[in-house]
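1. this one's sequence-less:
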């Protein structure tokens with residue numbers, strides 16, 4: 001599990017902005033309706049084909065890589081995160 005987020009932390013998402021490279025996003029895989037929270041990387045190294053990678057916070061889970069934005073829907077981009085101490 002990632003040290004970045006703890007149980008009971010609050011993540012604040014904005015649904016009306018487009019994500020940029022390195023943003024944490026909540027997204028839906030359209031084929032399975034699975035909803036995940038991951039760090040998004042955009043690879044523009046291939047001139048005619050953008051690669052998008054969704055990297056998990058927990059390294060035991062697989063990275064998701066796609067070249068088609070049609071395969072997923074961004075539900076929100078993380079704007080802030082609050083740690084609750086109690």
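-> That came through fine. All of these numbers come straight from a predicted model, not from anything done at the bench.
2. list the contacts for residue 30?
-> When the contact criterion is Cβ atoms under 8 Å, 6 or more residues apart in numbering, the partners of residue 30 are 70, 71, 72, 73. Where you see a C-beta, it was placed from the backbone N, CA and C, and this is true even at glycine.
3. how far away is the third one from residue 80?
-> For residue 72, the distance to residue 80 equals 23 Å [Cβ to Cβ, to the nearest Å].
4. For these two, work out which one has more neighbours and name it.
-> Each of residue 72 and residue 80 has its neighbours counted (other Cβ atoms under 10 Å); residue 72 has more, 20 against 9.
5. what sits against the residue lying closest to that one once chain neighbours are set aside?
-> In space, residue 72 comes closest to residue 27 once its chain neighbours are excluded; the distance is 5.0 Å by Cβ to Cβ, 6 or more residues apart in numbering. By Cβ under 8 Å, 6+ apart, the contact set of residue 27 is 35, 36, 38, 40, 54, 72, 73, 74, 75.
6. I figured the fourth one hits residue 50, correct?
-> No: assessed by Cβ atoms under 8 Å, residue 40 is found out of contact with residue 50, at 11.9 Å.
7. Helix, strand, or coil at the nearest residue to residue 17 once chain neighbours are set aside?
-> Once flanking residues are discounted, residue 17 sits nearest to residue 77: 5.4 Å by Cβ to Cβ, 6+ apart. The assignment at residue 77 comes out as strand when based on DSSP: H, G, I helix; E, B strand; the rest coil.
8. who does residue 77 bridge with?
-> As for beta bridges, residue 77 partners with residue 14, residue 25 under DSSP bridges.
9. could you measure it against residue 45, distance?
-> Summarising the geometry, the distance separating residue 77 from residue 45, computed by Cβ to Cβ, is 23 Å.
10. Those two: which is more packed in?
-> More neighbours sit around residue 77 than around the other of residue 77 and residue 45, counting by other Cβ under 10 Å; the figures are 19 against 7.
11. on that earlier part again, any chance of the contacts of residue 30 in TSV, plus pLDDT, distance to residue 59 and secondary structure?
-> Conversion of the contacts of residue 30 to TSV gives the following (pLDDT from 0 to 100; distance: Cβ to Cβ, whole Å; DSSP: H, G, I helix; E, B strand; the rest coil):
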residue	pLDDT	distance to residue 59	secondary structure
70	90	28	helix
71	94	23	helix
72	96	21	strand
73	96	25	strand
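12. This completes my enquiry, with thanks.
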